Every structure is written in C-alpha cells, then in structure tokens.
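[1] Build me a model from this:
(2 chains)
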Amino acid sequence: MRIKESEMDGVVVLTLSGKMMLDAKSISLHEYVKNLIAEGKTKVVMDMGKITWFGSTGLGALLASYTSLKDSGGDLKVARATRKIRSVFMFTQIVKVLENYDTVEEAVAALK
Amino acid sequence: MDENKTRLKISLNSFDDLESSRDLIIEFCGRYCKTSDELDLLEMSILEACHNAILHGKKRENNSICELKLLYDNQSIKAVVKNYGNRFDVAEKNEFSIEQDFLQYKNGGLGIPLIKAIMDSVEYERKSNELNELTIIKKLKKKQ
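    Take a look at the predicted model:
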C-alpha cells in the first residue's frame, strides 16, 4: 500500500492506494498515523478510493488508527470507500462509528 | 455437467498467486451469489482464509504453500483451505463484534472473527504432518 499525504483546511488527507494487506512491502498505516499524532496532527481523512485489496489487516489498521486519533482528542473520517469496503463496513456495523463520505471535501468539512 | 455441483481447485505459493487467482474466485462465486454484497463478503472471507494460510504456511516438498478448493453444492459454497504450518484454534475466536473488536481493538487477529461473522460454518481440522484444513461454508440467498 502507498500513502500520499496532503493537507486541506487544517485536516490531514491520506490518500491510500494499492493493497491493504500484511506483507513486507507495506507501510504500516497505524505507525504513520501515530507519527502524525506526535506532530500534533489529529484530524485525519483517509481517501480509500484507490484501495484494491481490503481484508482484516486493513480493517485492523483503520481500527487502530481511529482509536489512537480519538484517544488524542482527534478524529478520523473515511472518504470514497469502494463498494467492497462499504459492504464490510455495513456488515460489521463499523459504519456506525466510522463514517464514509462520497468525497474528500465532504469528509474534511465534517472534521472542521 | 451437473450444474448443481461444481468445483474449482487452485494452488497458491505467494500473495501474487492469490491476487492473480482473485478473478477466478470471483467468477466462480459470482455464478451463484444473488447480490453484490453477498459476493463481496464471500470473496473477502475466502481471500482472508487464503491470505492467512500463505502468510503462516510452510512450503513442503512438491506441495504448494496453500491449496484452495471451492465447491458449489445445493445452494451453498464451500471453501476448503489447506496449508502446512502451526496449529491454530478457530474455536477460541468469537465472531467479529463492534463492541469487542472495534472499541477494544488491540492488535491483529481479526481474520477468523470476520470469517466467522460472514460465513455460516467455520470448521478447522488438524491433520497429520502439520497439515491444517479450514472449511468454510456460506449458504446462499434464495432467488427471489
């Protein structure tokens, strides 16, 4: 998985692409988020429109990131989750706590 | 060919193998699933089981690291995933729940809870010679 970082209205936008799976080549998303928190950046949007593989590793990374951000007084929103990811969110009821937005702009606005 | 009973067997030695077999798995399950949600969740469970089997599996002589068999029979899809490696216990893991797994999430271990939540049956058997066999079954929705 690749992570591209940008900033919009004081909110960090992480554009994720590729496979959210456990292998040696993947960057740890949770570690990345913990580094952001250490820099005082606690409002994060994850743009998941380019994720091609999502399983328990990806879910775990989202849960860990969400928990760390919440514990630091911040928040996490998801944008552009693919149909498959939304199916998992719905089935597991994660959608109740981790909201998905159709666009990055909407997700950023929800954090302001 | 009996349309009520079909099967597919795939040998997997790497995550790349799994990725390149993904379309075959989707195509097989897609023949019988009635909704895209049903197909998405079934695909995720099967890929999850294979991913774990490759991640924790060991290469044994001429055998592949992981073998996946898909069978359709009587409105159900059964996936049998075999690998060689350490024993694991599906019984000690509960189904995924938002309270237990999300709000109290620590580290890893979500694969089996997710599979248990999605599939109707999850059975594990430890065979001789460090062979693990995981059998997961999904009863498909009836046609409207």
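
[2] Not counting the longest helix anywhere in chain A itself, show me its contacts.
    If each helix of chain A is counted by residues according to DSSP state H, the longest one is helix A:56-71. The contact list for helix A:56-71 (CB atoms under 8 Å, 6 or more residues apart in numbering or on different chains) reads A:20-22, A:28-30, A:33-34, A:37, A:42-44, A:46, A:51, A:75-76, A:78, A:85, A:88, A:92, A:94, A:97-98, B:48, B:101-102, B:105, B:107-108, B:110-111, B:114. For every residue, glycine as well, the C-beta is placed using N, CA and C.

[3] helix or strand right after that helix?
    On the C-terminal side of helix A:56-71, the nearest following helix or strand under DSSP states H and E is strand A:75-79.

[4] The helix or strand following that following strand close to chain B?
    Tracing the chain C-terminally past strand A:75-79 and defining elements by DSSP H and E, one meets helix A:83-92 next. Yes - Helix A:83-92 reaches chain B (CB under 8 Å from any CB of the partner chain) through A:83-84, A:87-88, A:90-92.

[5] Where does the prediction get shaky in chain A?
    Counting by pLDDT under 70, the ranges of chain A that qualify are A:22-27.

[6] dump the residue contacts of the residue nearest in space to the middle of it.
    The structure's chain A has its C-alpha centroid closest to A:Met46; by CA atoms, centre = their mean the separation is 3.4 Å. A:Met46 is in contact with A:14, A:16, A:62, A:65, A:76-79, counting by CB under 8 Å, 6+ apart.

[7] in those residues, which two residues are the furthest apart from each other?
    Longest distance between any two of those is 14.1 Å, between A:Ser65 and A:Ala79; criterion CB to CB.

[8] hang on, the earlier thing: going through the residues of helix A:83-92 next to chain B, which ones are buried?
    Listed as buried from those are A:84, A:87-88, A:91-92; burial here means 16 or more other CB atoms under 10 Å in any protein chain shown.
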